[in-house]
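Colleague: pasting the sequence and the predicted coordinates here, then a few questions.
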Amino acid sequence: MILGLSFYNCKKELKNQNEKVEIKAEKSETKKELKFSLYNSTEFELRNITVGLPDTSLTYDKLEKQSQLEWINVKSAYHYGFVRFYDIKNRKYYIQPIDYVGETPFEKGELKFIIKEIDSINQWFELDFEYKNN
């Protein structure tokens, strides 16, 4: 009976130690985060927006002219990526990167994609970025 009680206490103590280790791991992971946002610096309203990042795809209904979306946490992103949207006349605009060979993704800080200029005749736009390493 004493042996069984000792084994139970030892097992319980190990379980508590494992829980402590897991909590520490979670805290260290939260330090390393990347915040992402999209800014529309143009005079056009954007609709049905999709942004493709390495680990996720973000979709938004619309983005008013001269406005920015809320910051969200993502695992990583490059300084450019897949971006697609439609204008109010339902014309499609997109940028599709070929690859990221030789590029290093951002994994912490703040990354903002900026839609700068839109050419509605050729359905073209300029994508820029701002990055702050906090």
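Modeller: Yep, it's here.

Colleague: so how many other residues sit close to the residue lying closest to Tyr39 once chain neighbours are set aside?
Modeller: Leaving out its chain neighbours, the residue that sits closest to Tyr39 by Cβ to Cβ, 6 or more residues apart in numbering is Gln68, at 4.3 Å. For every residue, glycine as well, the C-beta is placed using N, CA and C. By other Cβ atoms under 10 Å, 14 other residues sit near Gln68.

Colleague: please verify my assumption that Gln68 contacts Lys35.
Modeller: No - the criterion here is Cβ atoms under 8 Å, and Gln68 misses it with Lys35 at 12.0 Å.

Colleague: the residue nearest to Tyr39: what's it in contact with?
Modeller: The contact partners of Gln68, by Cβ atoms under 8 Å, 6 or more residues apart in numbering, come to Ser37, Leu38, Tyr39, Asn40, Lys112.

Colleague: make JSON lines out of those and add pLDDT.
Modeller: Formatted as JSON lines, these follow (pLDDT from 0 to 100):
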{"residue": "Ser37", "pLDDT": "98"}
{"residue": "Leu38", "pLDDT": "98"}
{"residue": "Tyr39", "pLDDT": "98"}
{"residue": "Asn40", "pLDDT": "98"}
{"residue": "Lys112", "pLDDT": "98"}
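
Colleague: residues contacting Tyr94?
Modeller: Phe82, Val83, Arg84, Phe85.

Colleague: now it: which helix or strand?
Modeller: Element membership for Tyr94 (DSSP states H and E) is strand 92-95.

Colleague: out of the contacts of Tyr94, which comes closest to Leu63?
Modeller: Phe85 (7.6 Å; Cβ to Cβ).

Colleague: that closest one bridge partners, please.
Modeller: In this entry, Phe85 is beta-bridged to Tyr93, by DSSP bridges.

Colleague: burial count for it?
Modeller: 24.

Colleague: helix or strand with the lowest mean pLDDT in the protein?
Modeller: helix 2-31 (a mean of 41; mean pLDDT, DSSP states H and E).

Colleague: just after that helix, pick out the following helix or strand.
Modeller: strand 34-40.
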